[in-house]
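[1] Could you look at this predicted model? Sequence included:
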Amino acid sequence: MRLALYQPDIAQNTGTILRLAACLDTPVDVIGPTGFDISDRALKRAALDYLPHVRIDRHESFASFMTARNTANPASGRLVLLTSHAATPHFQFEFASTDTLLLGRESAGCPAHVHDSADARIRIPMRTGLRSLNIAVAAAIALSEALRQTSGFPASAPVPLSQT
């Protein structure tokens, strides 16, 4: 499972998503150009001390991202776009452990050619009349469901039961 961010605009949202990815052991692709400095120094400011715990692959463009996907792993999984324009709710979609969940830019989503490149499109059902969720919240909802379906949550130490 992977997350991919298409031309993110807001460093703080990207930082939150990187912290999510670190905690859930999920690699992240950042597809440029971004609306902010994407250097390690700038990301450290947004992702705090979680940055060393997440694998980030940076791509100059969507074309370079697609080339890297096909070159690095010719059998790479599906590209699953989260979009408010999809018909399939995220909880009705059958995720695979090799999927990459693609989130669009905060200000504009993804252009038509990115939609056309996706293998699947899913949406998070929301109340009518509201435009969208924060991108980091959407990433957490979709990734959580994908990891639940694929038993992909990282192993963690058991929490001891407190005695009363």
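    Right, received. Where do you want to start? Computed from a prediction, not measured in an experiment: that's the story for all the values here.

[2] lowest average confidence, helix or strand, in the protein?
    helix 40-47 (a mean of 69; mean pLDDT, DSSP states H and E).

[3] ok, and what's touching the helix or strand following that helix?
    Note on helix 40-47: by DSSP states H and E, the next helix or strand toward the C-terminus is strand 56-59. Contact partners of strand 56-59, identified using C-beta atoms under 8 Å, 6 or more residues apart in numbering, comprise 18, 27, 28, 29, 30, 31, 32, 38, 43, 65, 68. (Glycine included, C-beta is placed from N, CA and C.)

[4] quick one: least confident of those residues?
    Of all those, residue 43 carries the smallest pLDDT score, 72.

[5] Which residues are in contact with the closest residue to it other than its chain neighbours?
    Excluding its sequence neighbours, the residue lying closest to residue 43 (C-beta to C-beta, 6 or more residues apart in numbering) is residue 51, at 5.7 Å. Listed by C-beta under 8 Å, 6+ apart, the contact set of residue 51 reads 18, 22, 40, 43, 44.

[6] list the buried ones in the top helix by length along the chain?
    Secondary structure of the chain per DSSP state H: the longest helix is helix 135-150. Neighbour-count burial for helix 135-150, with 16 or more other C-beta atoms under 10 Å as criterion, is recorded at 135, 136, 138, 139, 140, 142, 143, 145, 146, 147, 149.
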